[in-house]
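Undergrad: sequence and predicted structure are below.
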Amino acid sequence: MKVLLVQPPQFGSPGFSKIALVEPLGLEMVAGALLPEHDVRIHDMRMGGDLEKAVRSFAPDAVGISCCFTIDVYRARRIAQKIKEYYDGAKAPFVFVGGLHASLNPPDFEDPAIDCVVVGEGEFASRDLVDTLAGDGDLGRVPGLVLNTPEGQHFTGPR
(Lines give C-alpha, C1' and ligand atoms only; values in the text may rest on other atoms or scores of the structure.)
Protein backbone atom coordinates (compact mmCIF):
# COMPACT_ATOMS: atom_id res chain seq x y z
CA MET A 1 0.00 0.00 0.00
CA LYS A 2 0.97 3.61 -0.50
CA VAL A 3 0.98 5.51 2.80
CA LEU A 4 1.42 9.25 3.23
CA LEU A 5 2.35 10.42 6.74
CA VAL A 6 1.59 14.08 7.46
CA GLN A 7 3.10 16.41 10.06
CA PRO A 8 0.75 19.41 10.51
CA PRO A 9 2.07 22.96 10.16
CA GLN A 10 2.84 25.05 13.23
CA PHE A 11 1.31 28.48 13.74
CA GLY A 12 1.30 31.11 16.45
CA SER A 13 4.04 32.94 18.24
CA PRO A 14 4.75 31.02 21.46
CA GLY A 15 5.63 27.39 21.68
CA PHE A 16 8.39 24.84 21.46
CA SER A 17 8.29 24.75 17.65
CA LYS A 18 9.43 28.39 17.55
CA ILE A 19 12.48 27.55 19.64
CA ALA A 20 13.58 24.46 17.73
CA LEU A 21 12.31 22.78 14.60
CA VAL A 22 12.94 19.09 15.10
CA GLU A 23 12.41 16.28 12.66
CA PRO A 24 9.10 14.40 12.83
CA LEU A 25 10.67 11.44 14.65
CA GLY A 26 7.34 9.78 15.47
CA LEU A 27 6.38 9.70 11.80
CA GLU A 28 9.85 8.47 10.88
CA MET A 29 9.46 5.59 13.33
CA VAL A 30 6.06 4.69 11.86
CA ALA A 31 7.51 4.90 8.34
CA GLY A 32 10.37 2.61 9.36
CA ALA A 33 7.88 0.07 10.72
CA LEU A 34 5.93 0.12 7.43
CA LEU A 35 8.97 -0.30 5.17
CA PRO A 36 9.83 -2.22 3.01
CA GLU A 37 6.40 -3.85 2.63
CA HIS A 38 4.70 -0.54 1.88
CA ASP A 39 5.54 2.57 -0.13
CA VAL A 40 5.76 5.38 2.44
CA ARG A 41 6.30 9.13 2.20
CA ILE A 42 6.40 11.82 4.86
CA HIS A 43 4.96 15.26 4.13
CA ASP A 44 6.15 17.76 6.76
CA MET A 45 3.86 20.77 6.39
CA ARG A 46 6.11 22.80 8.71
CA MET A 47 8.59 22.89 5.83
CA GLY A 48 6.02 24.22 3.37
CA GLY A 49 4.81 22.39 0.33
CA ASP A 50 1.34 21.92 -1.03
CA LEU A 51 -0.67 19.16 0.70
CA GLU A 52 -3.09 18.76 -2.19
CA LYS A 53 -0.22 18.38 -4.66
CA ALA A 54 1.46 15.81 -2.39
CA VAL A 55 -1.77 13.82 -2.07
CA ARG A 56 -2.68 13.95 -5.75
CA SER A 57 0.81 13.13 -7.03
CA PHE A 58 1.37 10.20 -4.64
CA ALA A 59 -2.25 8.94 -4.59
CA PRO A 60 -1.96 7.22 -1.21
CA ASP A 61 -4.20 4.37 -0.09
CA ALA A 62 -3.87 5.57 3.50
CA VAL A 63 -2.90 8.84 5.18
CA GLY A 64 -1.62 9.06 8.75
CA ILE A 65 -1.68 12.42 10.52
CA SER A 66 0.41 13.20 13.59
CA CYS A 67 -1.25 14.98 16.49
CA CYS A 68 1.10 15.15 19.45
CA PHE A 69 0.02 18.47 20.90
CA THR A 70 -3.42 19.77 21.86
CA ILE A 71 -2.80 22.87 19.75
CA ASP A 72 -2.68 20.60 16.66
CA VAL A 73 -6.12 18.97 17.10
CA TYR A 74 -8.02 21.33 14.83
CA ARG A 75 -5.21 21.36 12.27
CA ALA A 76 -5.17 17.55 12.15
CA ARG A 77 -8.95 17.43 11.76
CA ARG A 78 -8.84 20.05 8.99
CA ILE A 79 -6.10 18.12 7.16
CA ALA A 80 -8.27 14.98 7.27
CA GLN A 81 -11.25 16.94 5.94
CA LYS A 82 -9.18 18.43 3.11
CA ILE A 83 -7.87 15.01 2.10
CA LYS A 84 -11.41 13.63 1.85
CA GLU A 85 -12.52 16.76 -0.08
CA TYR A 86 -9.75 16.28 -2.66
CA TYR A 87 -11.48 13.07 -3.74
CA ASP A 88 -14.96 14.65 -4.04
CA GLY A 89 -16.98 11.46 -3.75
CA ALA A 90 -14.37 9.17 -5.29
CA LYS A 91 -12.70 6.53 -3.11
CA ALA A 92 -10.66 8.61 -0.69
CA PRO A 93 -7.71 7.19 1.22
CA PHE A 94 -8.18 5.70 4.68
CA VAL A 95 -7.28 8.44 7.19
CA PHE A 96 -5.86 7.70 10.62
CA VAL A 97 -4.51 9.96 13.36
CA GLY A 98 -1.92 9.14 15.99
CA GLY A 99 0.39 10.82 18.46
CA LEU A 100 0.34 11.77 22.10
CA HIS A 101 -2.82 13.90 22.10
CA ALA A 102 -4.66 11.44 19.85
CA SER A 103 -3.76 8.61 22.23
CA LEU A 104 -4.82 10.52 25.34
CA ASN A 105 -8.09 11.86 23.95
CA PRO A 106 -9.47 9.89 20.95
CA PRO A 107 -12.93 11.55 21.24
CA ASP A 108 -11.33 14.75 19.88
CA PHE A 109 -11.05 12.88 16.57
CA GLU A 110 -14.59 11.59 16.25
CA ASP A 111 -14.98 13.13 12.82
CA PRO A 112 -16.39 11.64 9.59
CA ALA A 113 -13.15 12.53 7.78
CA ILE A 114 -11.10 10.40 10.20
CA ASP A 115 -11.44 6.63 9.92
CA CYS A 116 -9.56 5.71 13.09
CA VAL A 117 -7.21 6.78 15.85
CA VAL A 118 -4.05 4.84 16.68
CA VAL A 119 -3.69 4.68 20.47
CA GLY A 120 -0.30 4.28 22.11
CA GLU A 121 2.97 3.48 20.38
CA GLY A 122 2.20 3.79 16.69
CA GLU A 123 4.91 1.66 15.13
CA PHE A 124 3.29 -1.74 15.58
CA ALA A 125 -0.34 -0.64 15.57
CA SER A 126 0.16 1.33 12.34
CA ARG A 127 1.91 -1.63 10.70
CA ASP A 128 -0.92 -3.97 11.71
CA LEU A 129 -3.48 -1.37 10.58
CA VAL A 130 -1.92 -0.93 7.12
CA ASP A 131 -1.28 -4.67 6.69
CA THR A 132 -4.93 -5.36 7.57
CA LEU A 133 -6.14 -2.69 5.13
CA ALA A 134 -3.93 -4.15 2.39
CA GLY A 135 -5.39 -7.60 3.00
CA ASP A 136 -9.01 -6.40 3.29
CA GLY A 137 -9.06 -7.77 6.83
CA ASP A 138 -11.14 -6.84 9.86
CA LEU A 139 -9.80 -3.74 11.62
CA GLY A 140 -11.83 -4.70 14.67
CA ARG A 141 -9.25 -7.43 15.27
CA VAL A 142 -6.32 -4.98 15.37
CA PRO A 143 -5.65 -3.96 18.98
CA GLY A 144 -4.79 -0.36 19.75
CA LEU A 145 -7.28 1.35 17.45
CA VAL A 146 -10.32 3.54 18.03
CA LEU A 147 -12.49 3.07 14.95
CA ASN A 148 -14.89 5.82 13.94
CA THR A 149 -18.14 4.14 12.91
CA PRO A 150 -21.61 5.52 12.16
CA GLU A 151 -22.61 4.26 15.62
CA GLY A 152 -19.75 6.12 17.31
CA GLN A 153 -16.22 5.25 18.34
CA HIS A 154 -15.21 1.65 18.99
CA PHE A 155 -12.01 0.77 20.88
CA THR A 156 -10.46 -2.48 19.67
CA GLY A 157 -8.67 -3.06 22.98
CA PRO A 158 -5.18 -2.40 24.30
CA ARG A 159 -2.08 -3.72 22.58
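TA: Yes, it's here. Numbering: from 1, shown residues only.

Undergrad: what's the end-to-end length of stretch 90-107?
TA: One end of stretch 90-107 sits 27 Å from the other (CA to CA, to the nearest Å).

Undergrad: for it, what is the average pLDDT?
TA: Averaging pLDDT along stretch 90-107 yields 96.

Undergrad: mind showing which ranges of the protein have poor pLDDT?
TA: 11-20 (pLDDT under 70).

Undergrad: residue 57 should be in a strand, yeah?
TA: No: secondary structure of residue 57 (DSSP: H, G, I helix; E, B strand; the rest coil): helix, not part of a strand.

Undergrad: what number of residues lie near it?
TA: For residue 57, the neighbour count with other CB atoms under 10 Å is 9. No exception for glycine: its C-beta is placed from N, CA and C like everyone else's.

Undergrad: check the one 5 residues further on too.
TA: As a burial measure, residue 62 scores 22 neighbours (other CB under 10 Å).

Undergrad: need phi/psi at it.
TA: Backbone geometry at residue 62, expressed as degrees, to the nearest 10, gives phi -140, psi 150.

Undergrad: verify the stated contact: residue 113 with residue 83.
TA: Yes: taking CB atoms under 8 Å as the definition, residue 113 is a contact partner of residue 83 at 7.2 Å.

Undergrad: neighbours of residue 35, how many?
TA: 12.

Undergrad: what's the distance between it and residue 120?
TA: Residue 35 sits 21 Å away from residue 120, going by CB to CB, to the nearest Å.
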